[in-house]
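>>> Okay, here's the prediction I keep looking at, along with the sequence it came from:
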Amino acid sequence: MSDKTPPTVFAKQIDLLYQNAPSAILASALIPVMFLIFLTDFPERKAIQTWAIMMELVLLFRMFTIFLYHKRKKKKSFQVKQASSLFNTGVAMASMIWGSLAWWIYPLTGDQSTHFLFFISLIGVTGGSVASLSYRQLPNYLFICLTTFSMLIGLYRTSGHQNTAVAIITVVYTIFLLKNVRIMQGNNEKMLILKEKALAREVKLKIASKKTEVASRAKSRFLANMSHEIRTPMNSIIGRTRLALDERIEPKMRSHLETIQSSSKDLLALINDILDFSKIEAGELKITNKPFNLYETIQSILNTVKVLVQDEKDLAVTYTIAPDVPQAVVGDSLRLRQILLNLLNNGIKFTENGFVDLSIECLKSTDTSLLLQFKVRDSGIGIAIDKQKHIFDEFAQEDDSPTRQFGGTGLGLAICRQLCQLMGGNIEVSSRPAQGSTFTVAISFQPCEINDLPADTTPGKIEQKQNAPMSLLLVEDNEANRILARMVLEGEKHQLVEANDGLQALHILSEQKFDAVLMDVQMPVMDGYTATRIIRSLENG
């Protein structure tokens, strides 16, 4: 190994030599057999038989070294050097046996055709060795030099006026081969070095990419897990501000409180977008498919939007549902509501006057699936054509200039797209500046009968007591939230019992009945999901 050859490249060169050797050895093993078959009238028959046996024994030795090499799966540096030395020894032995064909067997006959056969065989073997041994110079040099030097000895020992010319040709041929060996070995080594660098770079890129992905997921998981802690104080601020606004206060203080409430709601909306996006990125957001009343969900969405519009803008908010759209479907109503609210709020946000319209159609219906299309159209400012291809990207905004009129994180539409994909659907946009925009959402649902809807979706029992004081169980681990809920609910004359976690709530429910349970989700000891499942199972059992 030269000082310039990296150890890993040297190991690869030796490995390639051992990989290429079997085919070359097999070809070499056939030549002595051919000599024994066709040179039946050779004057020194025992000599050529002895030569053939010696050649086959050397080739068997080389095959045995190859077997030993491949038997060792993991090779240390000193073992690679040993393998190189053993390979070079085998090559030198083979070249000397080939050379003996020239200086020993060649002079035993004066037949020109036999001389030509030997000479051509030796020329072919030395020429073929250049390719099979091209990964290292030393074995190639050993084979070529020992073989051609023996050829020169054989020519010297054989009479004939043409031998001088043949010897000169042999020397020139040898120089030519040695030069080609150096060039080929250099090129192969450069190729291996470049390949090794490329592989090392690829490994580094994969490691860096994996680290980036892990860091991104860790960040997303952190934000997703922090959603409860981040939203809790914001809800407390909004709730306390609302309670303060219900009191009789001076106009200046009311203005301050209204500003606090408005800003808090805006901030909470931004936090919700960021946290929802982080949950999706972290794979924490799951789609829950359940039967729900599509018509009631749409009506609830429109009622929410209309309340915002009547206080802020003079817009016509309308909707149409095609006759073939079923009333009851199986899907994730919460995520559908989130998508449509986001699109409708966007339409209101970017439309000063005119309309915002929601239309629902059934594109495809079978016994097992429904493909529903939701279109949200507005007569607002529209979206520039060059911005539309990036409008669903993270943090993308139609107006990203420092003086932009409309705020926001630029995550709303990105969340809509990802939610659509999670629900097996897609979202598209069609728009022209100053001519409004149309967002088209296609989502697959499963059909179901109206009778298949869960009984607890029917508000009958609640309507009977909604104007009377109720007995309520509040399950909440955050003290600030409990105080706020207590102030709101007791202000409405409701009777309130509090629990710190799901397990405590189960103990209380085993001893007392309530009209309703207000359950938090993330709590110590037992979370809200687990507690609710146990309560439902007890009710049904």
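Here it is on my side, so go on. Note that the structure is a prediction, hence the values are computed from the model and not measured.
>>> can you list the domain ranges for the protein.
7-203, 227-281, 290-456, 460-540 (automatic domain parsing).
>>> Which of those domains sits closest to residue 217?
domain 227-281 (7.5 Å; Cβ to Cβ). (Each C-beta comes from the backbone N, C-alpha and C, glycine too.)
>>> looking at the domains of the chain, which is closest to residue 212?
domain 227-281 (12.7 Å).
>>> buried stuff in the helix or strand hosting residue 255?
For residue 255, the element it lies in under DSSP states H and E is helix 251-281. Neighbour-count burial for helix 251-281 flags 257, 260-261, 264, 268, 271-281 (criterion: 16 or more other Cβ atoms under 10 Å).
>>> ditto for stretch 50-61
Neighbour-count burial for stretch 50-61, counted by 16+ other Cβ under 10 Å, picks out 51-52, 55, 58-59.
>>> Reformat those as TSV; add pLDDT and secondary structure.
Below are these laid out as TSV (pLDDT from 0 to 100; DSSP: H, G, I helix; E, B strand; the rest coil):
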residue	pLDDT	secondary structure
51	94	helix
52	94	helix
55	93	helix
58	95	helix
59	94	helix
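>>> Next, format those residues as CSV and append distance to residue 155.
What follows is the buried residues of stretch 50-61, written out as CSV (distance: Cβ to Cβ, whole Å):
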residue, distance to residue 155
51, 18
52, 22
55, 21
58, 23
59, 26
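>>> Residue 161: which of those is nearest?
residue 51 (27.2 Å).
>>> gap between that closest one and residue 127?
To residue 127, residue 51 is 21 Å away according to Cβ to Cβ, to the nearest Å.
>>> what's around residue 483, how many residues?
Using other Cβ atoms under 10 Å, residue 483 has 15 other residues around it.
>>> Quick check: it is in a helix.
Yes: judged by DSSP: H, G, I helix; E, B strand; the rest coil, residue 483 forms part of a helix.
>>> What distance do you get for it to residue 253?
The spacing between residue 483 and residue 253, counted by Cβ to Cβ, is 21 Å.
>>> For the stretch 251-400 of the chain, which segments count as helices?
Along the stretch 251-400 of the chain, counting by DSSP state H, counting those that start in this stretch, helices occupy 251-281, 294-312, 333-349, 385-388.
>>> could you dump these to CSV with distance to residue 429 and mean pLDDT?
Listed next are these as CSV, based on distance: least, Cβ to Cβ, whole Å; pLDDT from 0 to 100:
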stretch, distance to residue 429, mean pLDDT
helix 251-281, 18, 82
helix 294-312, 19, 84
helix 333-349, 10, 92
helix 385-388, 6, 87
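>>> need the ones you listed in a markdown table with distance to residue 237, can you?
Below are the helices of the stretch 251-400 of the chain laid out as a markdown table (distance: least, Cβ to Cβ, whole Å):
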| stretch | distance to residue 237 |
| --- | --- |
| helix 251-281 | 5 |
| helix 294-312 | 20 |
| helix 333-349 | 21 |
| helix 385-388 | 35 |
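>>> counting contacts, what elements does the helix holding residue 255 pack onto?
helix 163-225, helix 227-245, helix 412-422 (3 or more Cβ pairs under 8 Å, 6 or more residues apart in numbering; DSSP states H and E).
>>> sorry, back to before: with distance to residue 212 added, can I get the domains of the chain in JSON lines?
Below are the domains of the chain laid out as JSON lines (distance: least, Cβ to Cβ, whole Å):
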{"stretch": "domain 7-203", "distance to residue 212": "15"}
{"stretch": "domain 227-281", "distance to residue 212": "13"}
{"stretch": "domain 290-456", "distance to residue 212": "15"}
{"stretch": "domain 460-540", "distance to residue 212": "29"}
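>>> Tell me which of those lies nearest to residue 216.
domain 227-281 (7.0 Å).
>>> which regions of this structure lie under the pLDDT threshold?
Residue ranges of the chain with pLDDT under 70: 1-3, 74-75, 77-78, 224-225, 227-228, 311-312, 395-409, 455-467, 541.
>>> show me what contacts residue 530?
Going by Cβ atoms under 8 Å, 6 or more residues apart in numbering, residue 530 touches residue 502.
>>> should've said residue 69
Neighbours of residue 69 in contact, by Cβ under 8 Å, 6+ apart: 18, 83, 86.
>>> Phi and psi next, for the first one.
Spelled out, it's residue 18. With angles defined as degrees, to the nearest 10, residue 18 sits at phi -70, psi -30.
>>> Please tell me how far it sits from residue 7.
Look at residue 18 and residue 7: by Cβ to Cβ, they are 17 Å apart.
>>> more neighbours, the two?
A direct count of neighbours by other Cβ under 10 Å for residue 18 and residue 7 places residue 18 higher, at 21 against 11.
>>> show me the contacts for the more buried one.
Residues near residue 18 by Cβ under 8 Å, 6+ apart: 66, 69-70, 83, 87.
>>> Show me what counts as buried in stretch 469-480.
The neighbour-count check on stretch 469-480 (16+ other Cβ under 10 Å) flags 470, 472-478 as buried.
>>> Now do the helix holding residue 255 against helix 163-225, angle only.
Angle, helix 251-281 to helix 163-225, by axes from the mean of the first three to the mean of the last three Cα atoms, to 10 degrees: 140 degrees.
>>> what is the orientation angle of helix 251-281 with helix 412-422?
Orientation check (the same axes, to 10 degrees): helix 251-281 against helix 412-422 gives 40 degrees.
>>> when you give positions from now on, start the count at 38
In the new count, where the first residue is 38, that last one comes out as helix 288-318.
>>> Figure out which of the domains of the chain is closest to residue 248.
domain 44-240 (12.5 Å).
>>> what about that closest one, how long is it end to end?
For domain 44-240, the first and last residues are 18 Å from each other (Cα to Cα, to the nearest Å).
>>> picking up where we left off before, quick check, nearest of the buried residues of stretch 87-98 to residue 361?
residue 96 (82.0 Å).
>>> Dump the helices and strands packed on helix 288-318 to a markdown table, plus mean neighbour count.
Output for the helices and strands packed on helix 288-318, formatted as a markdown table (neighbours: other Cβ atoms under 10 Å):
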| stretch | mean neighbour count |
| --- | --- |
| helix 200-262 | 13 |
| helix 264-282 | 16 |
| helix 449-459 | 21 |
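>>> Nearest approach to residue 70 belongs to which of these?
Judged by Cβ to Cβ, the one of the helices and strands packed on helix 288-318 that comes nearest to residue 70 is helix 200-262, at 25.7 Å.
>>> from the middle of its chain, how far away would that closest one be?
26 Å (Cα atoms, centre = their mean, to the nearest Å).
>>> Give me the angle between that helix and helix 264-282.
With the same axes, to 10 degrees defining the directions, helix 200-262 sits at 30 degrees from helix 264-282.
>>> Which strands or helices does helix 200-262 pack on?
If you count contacts as 3+ Cβ pairs under 8 Å, 6+ apart, helix 200-262 packs onto helix 44-75, helix 149-169, helix 174-194, helix 288-318.
>>> who wins for proximity to residue 223 among these?
Across the helices and strands packed on helix 200-262, closest to residue 223 is helix 174-194 (Cβ to Cβ), at 8.7 Å.
>>> and the closest one, which residues are buried?
174-192.
>>> After whichever strand or helix holds residue 90, which helix or strand is next?
For residue 90, the host element (DSSP H and E) is helix 82-108. Using DSSP H and E, the helix or strand that directly follows helix 82-108 along the chain is helix 114-137.
>>> What is that next one packed up against?
Secondary-structure packing of helix 114-137 (3+ Cβ pairs under 8 Å, 6+ apart): helix 44-75, helix 82-108, helix 174-194.
>>> Contact partners for residue 196?
residue 147.
>>> Would you verify that it is located in a strand?
No: read with three-state DSSP, residue 196 is coil and lies in no strand.
>>> What is the burial count for the nearest residue to residue 341 once chain neighbours are set aside?
Spatial nearest neighbour of residue 341, excluding adjacent residues (Cβ to Cβ, 6 or more residues apart in numbering): residue 378 at 6.8 Å. Neighbours of residue 378 under the rule other Cβ under 10 Å: 18.
>>> Hmm, residue 378 is touching residue 337, no?
No: Residue 378 lies out of contact with residue 337 (Cβ atoms under 8 Å); the separation is 9.9 Å.
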